[in-house]
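[1] Please find the sequence and the predicted model below.
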There are 2 protein chains.
Amino acid sequence: MTVTMNDIAKRVRVSRATVSYVLSGRDDASISEATKRQVRAAAQEMGYRPNRMARALIKGRTQMIELLVHDFHPAFYSYMIHTVRKVIEQSEYHLNVAQVTAETSPLEASYWPVDGVLAFDCAAFVDKLPDSVVESVPIVSFGASYSTRVDHVGVDLAVGARAVLRHLIGIGRRRIAYLVAECDCQAGNARYDAYINCLKDAGFEPLFVNFNEDRTAYQRKAAREAVLERFSSPSGIDALFCFSDELAIGAHMALRQLGVSIPGDVALTGFDGIDDLECVDPPITAIAQPYEALAEIAWTFLNKRLENKDLPRQSTVLTPELVIRGSTSLASG
Amino acid sequence: MTVTMNDIAKRVRVSRATVSYVLSGRDDASISEATKRQVRAAAQEMGYRPNRMARALIKGRTQMIELLVHDFHPAFYSYMIHTVRKVIEQSEYHLNVAQVTAETSPLEASYWPVDGVLAFDCAAFVDKLPDSVVESVPIVSFGASYSTRVDHVGVDLAVGARAVLRHLIGIGRRRIAYLVAECDCQAGNARYDAYINCLKDAGFEPLFVNFNEDRTAYQRKAAREAVLERFSSPSGIDALFCFSDELAIGAHMALRQLGVSIPGDVALTGFDGIDDLECVDPPITAIAQPYEALAEIAWTFLNKRLENKDLPRQSTVLTPELVIRGSTSLASG
DNA sequence: ATGAAAGCGCTAACAG
DNA sequence: CTGTTAGCGCTTTCAT
C-alpha cells in the first residue's frame, strides 16, 4: 500500500540503508552517483513519502513546535499566531497551533510529541502542568500572562495601564470609566489594580462599564451594547479606559452611533494594538503589545533551550508602548 | 530519562505487554485488579507519558486531522478555524491547523502524518497534490474554492453574488461599483463573472474600485484608503459591491468618515458573514457563508471516508444566504 | 492471568 | 562503496 524504503531498496536492488543514506542526503557514506540517481528516481516514481513517525521515533525529535493559545478568533490572538508563524517559518521546525481551554486536560493539550512549546498568554495552564511534563519538554511562556516556572518573556501590563491612565488624566479627564468584562474585573488582574491605584492616587472615583460575556466569546458586540446602554442616558463619563482593543472598537462604534464626540465628549483607549485601531475615525489610542519582539525572543529562548537543556532559566519582561492617536488627542481627532 | 512502558514493567515486575493492556484499558485480556492498580499507580508516580509516535507507528493511525487554511488572521479564516475546532472537539480526533501558502511545497504542507485532511478554500492546492498523496490520505476540500478531485463540500458563490447584485439593482441602484483587490479582479473569478454578467443583463456599466494589496495582507485598511480616495471627489457611485466583508468594513469606515450616507448616498454589501458586519452602524448587508454547515458536512464526509476508503465520491454544494441589513435598506438604516 | 516474541518504518553504527 | 544489524516505544497474537 504505502511505499516504504524497503520497496525502493528491492526495486533498485540495494539495501534499505543505502536508500536511507541517499534520501536523507548524507554524504558521510559515499554512494555512487548512479545508485543515487536510481534511488531518487524510484522514490519519485513510486510516490515514496517518508514516514515521519518512524524517523521521529528513532531520532527522538519531531521537528514540531507547538503554539498554545486560548483562542484563534479575536484579532489579538490571530495576529500573534501569524507573527509566531512568520518567525518559525524561517527555521527547520514546523508549527502546530493548539488551543488550551479551561477544560483541556494539561496532558492532552500537547497531544502530539513536540520538541518544544510556546505558550502564549496562558500562565495558569503552564503553572498547572505536572513536573514530568515541564521537565521533559522545553516550554517558553510568553505574553502578558506568563509563568515564571519556565523560560519566559513577559509583558508588563501594569506599566502600560498606568501609562494610559496617566495620559488620560494628563489630557484633563476626571471621570474615567473602566470598560471590562465582569470576569476580568477583579483584584489581582494587572489592569484592574492599575486602574484602581491610578485613580486613587489622582483622587478620582472608579467607575465601571461592565458586561457579562465570556473571555473567548465575541466581546466587541457585547461591549458595544454595554456602552450603548450606559451612554443612552447622561453618564457623566469623559473617558473610557478599555480592557482590550476589541472592547475599545465596540465602544467606538457605540459612541459614534450615539453621536458622542470622540475625544471631545469621551476619550477612548484600547489595549493590545490590533490593526483595526487605526482604521476607525478617529483612530484609537492604545497600548501596543510588542508582538514581533515577543515572538522573536520567545523563539530565541526556545531555540537555546533546545540546544542545551541545562541552561539557567531565561527570562525577560518587555514594556508595552503607548501609542497616542486621535481618540485622545484633539489635534488630530 | 523519559519513562517508558519497560520502566513501569520492571518496577511492577510484570511484562511490557501487561502494562500495555492495563494502560490502554482493554478488557480482552483479564488482568487481576491488584496488578492493574499497581501498574496505574506506577505510571502515575513515574510520570509516564505514552509515546504517541510509537503507538501511531504500529497502529498506522495518528488520530490527527489537519485543517489547511491560507491564513489565520482575517476574521473569515479564524472564524472557520474556530468552527471546525468545535466540530472536531467532539470526536476522538485532534486538530492541527496548518497554513498553505503559494510557496508551500505540496508535500511539506501536511508535514506530519495525519489520518485526514480538511482543506479549506484551497482548491488550487488540492489540485496540485501528487496522486500518491491524494490516494494515501483522505482529503475533504471545502469552502468556496473546492476541488472536485476529492470529496468536497462547496459553496456556490456565483449564486450568492447574483443575489446581492439583484438586490442592489432591486433597490434602485444604477451605478454599482465592485470593490476588489486587483489580484481578485479577473475573469474566471466567480464573483467577478457574476458582477460583469449581472450588470450587463441589467444594462449597466461596470465600475471598479481597485487597490493593490495581496490577498493575505490586511485588506481592511487598503480598502478604506482606496474608498477614501475615490469618494473624496464626486464618484457618481451609488452602491459598493464588495469582494469580502473585510473590504466592506473598510469601505464603511471610509464612507462614514467622509460623511457619505449609507445607504442614502451609497449602498454597501459584504461577502462572507463575519460578526463585525452587525457591529457597525448601519450594519452591513452581506452574503453569509454557511460556516457551521460547511464544517459539519466536511467532517461527516471525512469520517465516512475514514471508515471506508472505497466509498464513492461524496459531494455537496451549498448555497450561501443573503442577509439584508441596514446598509442596503432605508427602513432600518 | 501473564509473558515471549515479532514487527510498525526508519536510522546509524559497524562490518565487509 | 554497500549490506547487516540492532534498536526507537509500543501493540498484539500466541503460548504458557
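    Alright, I've got the coordinates.

[2] Tell me how far stretch A:233-245 lies from the chain's centre.
    Relative to the chain's own centre, stretch A:233-245 is displaced by 27 Å; criterion: CA atoms, centre = their mean, to the nearest Å.

[3] Go through that stretch and flag the buried ones.
    Buried residues in stretch A:233-245, counted by 16 or more other CB atoms under 10 Å in any protein chain shown: A:235, A:237, A:238, A:239, A:240, A:241, A:242, A:243, A:244, A:245. For every residue, glycine as well, the C-beta is placed using N, CA and C.

[4] likewise stretch A:32-39?
    Those would be A:35, A:38, A:39, for stretch A:32-39 by 16+ other CB under 10 Å.

[5] Show me the strands in the stretch 51-200 of chain A, by range?
    A:64-69, A:94-99, A:116-120, A:139-143, A:151-155, A:176-181 (DSSP state E, counting those that start in this stretch).

[6] and the first one, which strands flank it?
    When pairing is defined by DSSP bridges, strand A:64-69 lines up against strand A:94-99 (parallel), strand A:116-120 (parallel).

[7] Which of those comes out lowest on mean pLDDT?
    Note on the strands paired with strand A:64-69: strand A:94-99 shows the lowest mean pLDDT, a mean of 85.

[8] Close to chain B: what parts of the stretch 101-250 of chain A are there?
    For the stretch 101-250 of chain A, the residues in contact with chain B (CB under 8 Å from any CB of the partner chain) are A:107, A:111-113, A:130-133, A:136, A:218, A:220-221, A:224, A:249-250.

[9] Name only those of those that count as buried.
    By neighbour count, with 16+ other CB under 10 Å, those hold A:111, A:112, A:113, A:132, A:133, A:136, A:218, A:220, A:221, A:224, A:249, A:250 as buried.

[10] so how far is residue A:312 from the residue in the stretch 151-300 of chain A that DNA strand D sits nearest to?
    Using CB to the nearest atom of the strand, the closest approach of the stretch 151-300 of chain A to DNA strand D is made by residue A:151 at 24.3 Å. Residue A:151 is 10 Å from residue A:312, where distance means CB to CB, to the nearest Å.

[11] Compare those two (neighbour count), which wins?
    Taking other CB atoms under 10 Å in any protein chain shown, residue A:151 and residue A:312 do not tie; residue A:151 has more neighbours (26 against 6).

[12] Run through the residues that contact the more buried one.
    By CB atoms under 8 Å, 6 or more residues apart in numbering or on different chains, residue A:151 lies in contact with A:138, A:139, A:140, A:141, A:301, A:302, A:305, A:313, A:314, A:315.

[13] Any idea what it is bridged to?
    Under DSSP bridges, the beta-bridge partners of residue A:151 are residue A:140.

[14] same deal with residue A:286?
    Here residue A:286, judged by DSSP bridges, has bridge partners residue A:270, residue A:323.

[15] these two touch, right, it and residue A:270?
    Yes. Taking CB atoms under 8 Å as the definition, residue A:286 is a contact partner of residue A:270 at 3.5 Å.

[16] okay, and the common contacts of the two?
    With CB under 8 Å, 6+ apart, residue A:286 and residue A:270 have common neighbours A:245, A:248, A:277.

[17] Hmm, residue A:287 and the second one touching each other?
    To tie it back to what came earlier, the one meant is residue A:248. No. Assessed by CB under 8 Å, residue A:248 is found out of contact with residue A:287, at 10.5 Å.

[18] Need the overlap of contacts for these two.
    Counting by CB under 8 Å, 6+ apart, the residues touching both residue A:248 and residue A:287 are A:269, A:270, A:271.
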